[in-house]
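>>> return atomic coordinates for the entry below.
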Amino acid sequence: MGVYSESAFDRERDVDGALDLRRGWRAAAHADRYPTARRLRLLISSRLYEPERNARVWVDGQDADGRVVGFAMLNQRSEGNPSVGLTAMTLPEARERGIAAAQVGWALTRAGELAAELGTAVTLGMAIAEGDAPAVATLERFGFLRQPGQNVYMERVLEEPLPVPVAPAGYTIRPLDGAGELEAYTALYGFTPMARAYLLSLLADPRYAHLVAVAPDGTLAGFCECEVSAEEWEHTGERVGWIEYVGTREDHQRRGLGAALTLAGLWQLREWGAQTARLVTMSANERARRVYTRLGFRITAWEDVYARMVLAAWRPALTSTHGEHHAT
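Reported below is the predicted structural model:
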């Protein structure tokens with residue numbers, strides 16, 4: 001009989017275990033899905049406030065230093081934001097023993113505490129793979145409802161002909177000019193605040209690119225971030241690169257900047273040796289989807305989004321979220 005126990009997340013102790021879990025989770029059934037290792041680190045760095053309260057790990061055995069088989073965290077775009085996202089991963093053998101339900105129960109309990117602290121209801125949401133019946137059943141047991149719209153995964157084969165990016169007249173596309181432009185860059189599209197040390201580490205990473213479109217007056221008008229990961233390639237056997245973010249300032253839109261920046265990102269991925277490019281967008285963002293389709297992307301997967309409102313001091317009635325979980 002196996003025993004699973006849970007504990008508060010310790011950033012020093014548990015980050016590596018969570019990353020190992022992510023590798024196993026993706027290898028089992030989610031190789032083409034977020035989060036990648038870098039994206040998980042980014043979430044922990046930029047959207048996890050009070051880690052010891054807003055994240056939790058499930059481990060083999062009764063020792064907190066055991067193998068991490070489940071991880072859950074509450075993400076907020078800013079501290080005190082009442083819109084909260086649940087990111088949860090569980091190895092298949094652990095999911096079958098009730099840890100997925102325990103993760104949702106814990107998240108709702110913690111969301112109730114946040115609602116009490118903020119003095120307002122909290123909206124808790126989670127994205128799951130389309131057709132994941134066990135996940136749907138778990139979320140619906142806890143009162144979650146499917147929301148309009150979906151996350152859309154798209155990919156493009158980079159070995160196919162790739163047009164050369166052409167910027168609109170007067171604009172240039174180039175890499176970000178280091179830390180000296182960091183303040184202007186982060187203000188460009190209202191990024192979620194991130195630790196400066198983490199931003200600087202991304203700038204220094206030779207396999208993470210920040211491409212910018214510069215307007216005729218010298219201001220930054222748009223951007224594209226893209227990345228490849230040798231770690232991902234080693235564990236998945238696929239040479240995949242990701243277009244992480246594409247955006248343009250509102251007063252510079254509808255000029256072809258988004259398409260040109262995306263193409264520049266695709267050329268960078270191919271230069272790094274990627275054979276396939278992937279990205280995620282929203283079903284409601286029809287304009288972006290049309291651009292990506294014109295550039296050769298095709299839809300490969302969908303995610304449904306579930307959410308529910310949580311009032312102060314919510315307590316689970318369907319499952320225990322504390323103590324030990326026994327596997328027979």
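>>> for the rest of this, base every contact and every neighbour count on C-alpha atoms.
Fine.
>>> test my guess that residue 145 contacts residue 138.
No: if you go by Cα atoms under 8 Å, residue 145 and residue 138 don't touch, sitting 11.2 Å apart.
>>> could you say which helix or strand contains residue 200?
Residue 200 is located in helix 196-204, with elements delineated by DSSP states H and E.
>>> cool, and residue 307?
Assigned by DSSP H and E, residue 307 falls in strand 298-310.
>>> list the contacts of that strand.
108, 111-112, 115, 121-130, 139, 143-156, 292 (Cα atoms under 8 Å, 6 or more residues apart in numbering).
>>> also stretch 283-295?
Against stretch 283-295 from outside (Cα under 8 Å, 6+ apart): 149-152, 258-259, 263, 281, 298.
>>> let's see it at 6 Å
Here stretch 283-295 makes contact (Cα atoms under 6 Å, 6 or more residues apart in numbering) with 149-150.
>>> can you tell me the closest non-neighbouring residue to residue 90?
residue 70 (4.3 Å; Cα to Cα, 6 or more residues apart in numbering).
>>> touching, the one you found and residue 58? I think so.
Yes: applying Cα atoms under 6 Å, one finds residue 70 in contact with residue 58, separated by 4.7 Å.
>>> what bridges to residue 60?
Counting by DSSP bridges, residue 60 forms beta bridges with residue 4.
>>> next one: the helix or strand that contains the residue nearest to residue 90 to chain centre, how far?
Per DSSP H and E: residue 70 is located in strand 68-75. Once both centres are worked out by Cα atoms, centre = their mean, to the nearest Å, strand 68-75 turns out to sit 13 Å from its chain's centre.
>>> number of nearby residues for residue 45?
18 (other Cα atoms under 10 Å).
>>> now do the SS call for it.
Under DSSP: H, G, I helix; E, B strand; the rest coil, residue 45 falls in the helix class.
>>> likewise residue 212?
Applying three-state DSSP: residue 212 is strand.
>>> do the one 4 residues further on as well
Under the three-state scheme (three-state DSSP), residue 216 adopts coil.
>>> check contacts around residue 145.
Residue 145 neighbours (Cα under 6 Å, 6+ apart): 306-307.
>>> pLDDT score for it?
What the model reports for residue 145 is a pLDDT of 98.
>>> ok, back up a step: which ones among the contacts of strand 298-310 map onto strands?
Among the contacts of strand 298-310, the ones falling in strands (DSSP state E) are 122-129, 145-156.
>>> okay, which residue is most central for this protein?
residue 35 (4.8 Å; Cα atoms, centre = their mean).
>>> in the stretch 151-300 of the chain, which spans are helices?
182-188, 196-204, 230-236, 257-272, 286-294 (DSSP state H, counting those that start in this stretch).
>>> give me the number of residues near residue 77?
For residue 77, using other Cα under 10 Å, the count is 19.
>>> would you map out the domains in the chain?
Domain assignment for the chain, taken from automatic domain parsing, gives 2-149+305-327, 160-274.
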